[in-house]
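K.L.:
Have a look; sequence and predicted model below, questions after that.
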Amino acid sequence: MLKSLLLDSSIKKQPIKEVFRVISRYGPITRSKLSNKLEIKIKQTALARIISELKTNNLIKEGGHEESEGGRPPVLYSIVPTAGFIIAVHIIRAHTKVVLLDSCLHTVKNETFVMTTKHTPEIVIAKVIEITNKFLNEYKIELDQLLGIGISSVGPLNKKDGIIIKPQLFLSKGWINVPIVKIIKEIFPVKVILEHSSNAGLMGEYVSSSLPHENMLYIFNSWGTGCGIMTNGEIINSRIGRTDGFAHMSMDVNGPICFCGSRGCLNTYTSLNSILESLNNSNPYFKSINWSELSTLEIIERLKDEYELTNEIVLRSATYLGVGISNLVNIIGSEAVYISGPLIYHYPNYYETVIKSISQRVYGKPNIALSQGDYEEETLDIGLGALVYASYY
């Protein structure tokens, strides 16, 4: 029922879709607040009728009351979690993650597998299809209940045609011009979208935040550094299909050579590759470690275990990351910056060092909200789910 409503583009159904959109975005919400957030004008009598219809069709429900300032407390409305489902797929250098989301964008189940030199596009896509089928069968979800599949990956991407063009640093060969959307749609004839990981994270923070920021940055730092940019509530999309241009901001024209051919790119100071290279050059002990045999989190655990030997180099990368972020903030004037990645979440003092570096360099000392986010890696799940919803409007 929800899917048929979202697919209906008739003028008659637009008020119903708009009411559902607002409840899904802001619920639990009272009728009064719902009315104020609608982007199309709906009379109160019509709004009451729409709410009743959505309840009858088991798409929304009443869930408690807001505290009253006098009189009868107002009813809160929210989405019925089983009204529909979404699959979110994240493909990055370290791992691939498949997530089943309910219609409230809450995780029902997820499964992750590590990316190795053996994980070609054929193997990864087959595994994604296998896991998706397992989720659908386990929870008895029919295709008409599946609202869509959102896929995020590092760029460059051709989002229009659903192609992963040539991601840097993937361990396996073959990741060139992969028509992943076409392949997935042949198995699951539903709406399928492809988005940059950084943009998915940005959207996840946007819809999850209780603060009304519409000018935001989302930074993800790991083997590479990606950046999602939002201005006036709209995600800025690169003409050339990538969000890693931030990683190639020049920090030193005489600095280390980057894989792009330039010198001193931010990436040569902040990526895990650059950190490991610096450690190997600083101490013969680190050269004896076969880093390629370890997962990303295992590498960070080793760095933590050897904190006295690693902290200077690792935290120096945090300082550089803060410099790069402050440069962007000074240009764009962002109100909020969300900083994510395995070092942010797992290496002691890394996040704090990034924040200190930003705070020391932002011009004019504006009031900027700096955060590592409330949901960590779930942010991308929520973001992809929100983008699938947005594709219906």
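P.N.:
On my side now, so go ahead.
K.L.:
mind listing what's buried in stretch 56-74?
P.N.:
Buried positions in stretch 56-74, judged by neighbour count with 16 or more other CB atoms under 10 Å: L59, I60, K61, P74. The way it works is simple: take the backbone N, C-alpha and C, and place the C-beta from them, glycine included.
K.L.:
Contacts for it, please.
P.N.:
Stretch 56-74 has contacts (CB atoms under 8 Å, 6 or more residues apart in numbering) with 1-2, 5, 20, 23, 27-28, 30-32, 51, 54-55, 75-80, 83.
K.L.:
Which ones among those residues map onto strands?
P.N.:
Of the contacts of stretch 56-74, the ones assigned to strands by DSSP state E are T30, V75, L76, Y77, S78, I79.
K.L.:
so which one among the residues you listed has the lowest pLDDT?
P.N.:
Least confident entry in those, by pLDDT: V75, with 91.
K.L.:
just to revisit the earlier point, can you redo the buried residues of stretch 56-74 as JSON lines with secondary structure and pLDDT?
P.N.:
Formatted as JSON lines, these follow (DSSP: H, G, I helix; E, B strand; the rest coil; pLDDT from 0 to 100):
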{"residue": "L59", "secondary structure": "coil", "pLDDT": "96"}
{"residue": "I60", "secondary structure": "strand", "pLDDT": "96"}
{"residue": "K61", "secondary structure": "strand", "pLDDT": "95"}
{"residue": "P74", "secondary structure": "coil", "pLDDT": "87"}
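K.L.:
Make JSON lines out of the residues you listed and add distance to S10.
P.N.:
Formatted as JSON lines, those follow (distance: CB to CB, whole Å):
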{"residue": "L59", "distance to S10": "17"}
{"residue": "I60", "distance to S10": "20"}
{"residue": "K61", "distance to S10": "25"}
{"residue": "P74", "distance to S10": "31"}
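K.L.:
which of the ones in strands among the contacts of stretch 56-74 lies closest to L297?
P.N.:
For those, the closest approach to L297 (CB to CB) belongs to I79, at 33.6 Å.
K.L.:
one step back: just the buried residues from the ones in strands among the contacts of stretch 56-74, in ChimeraX please.
P.N.:
To isolate the buried ones among the ones in strands among the contacts of stretch 56-74 in ChimeraX, judged by 16+ other CB under 10 Å, type:
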select :30,76,77,78,79
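K.L.:
Please identify which of the buried residues of stretch 56-74 is nearest to K356.
P.N.:
P74 (44.1 Å).
K.L.:
Would you list the phi and psi of the closest one?
P.N.:
Dihedral pair for P74: phi -70, psi 140, per degrees, to the nearest 10.
K.L.:
And V362, by the same measure?
P.N.:
phi -70, psi 130.
K.L.:
Also P179?
P.N.:
phi -80, psi 70.
K.L.:
Could I get the contacting residues of it?
P.N.:
P179 is in contact with D161, G162, I163, counting by CB under 8 Å, 6+ apart.
K.L.:
A strand includes the first one, no?
P.N.:
This points to D161. No - using DSSP: H, G, I helix; E, B strand; the rest coil, the secondary structure at D161 is coil, not a strand.
K.L.:
Could you give me the buried positions within stretch 290-301?
P.N.:
Under the neighbour-count criterion of 16+ other CB under 10 Å, stretch 290-301 has W291, T296, I299, I300 buried.
K.L.:
Distance to L343 added to the contacts of P179, as JSON lines?
P.N.:
What follows is those, written out as JSON lines (distance: CB to CB, whole Å):
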{"residue": "D161", "distance to L343": "34"}
{"residue": "G162", "distance to L343": "31"}
{"residue": "I163", "distance to L343": "30"}
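K.L.:
Of those residues, which is the nearest to S371?
P.N.:
Out of those, the member with the shortest distance to S371 (by CB to CB) is G162, at 31.7 Å.
K.L.:
distance of the closest one from A48?
P.N.:
41 Å (CB to CB, to the nearest Å).
K.L.:
neighbour-wise, which of these two wins?
P.N.:
G162 (19 against 12; other CB atoms under 10 Å).
K.L.:
quick one, what contacts Q145?
P.N.:
L2, K3, G84, F85.
K.L.:
Which one of these sits in the busiest neighbourhood?
P.N.:
Counting neighbours by other CB under 10 Å, G84 comes out on top of the contacts of Q145 with 25 neighbours.
K.L.:
so how far is Q168 from that residue?
P.N.:
35 Å.
K.L.:
for S24, same thing?
P.N.:
35 Å.
K.L.:
And for I42?
P.N.:
The spacing between I42 and Q168, counted by CB to CB, is 48 Å.
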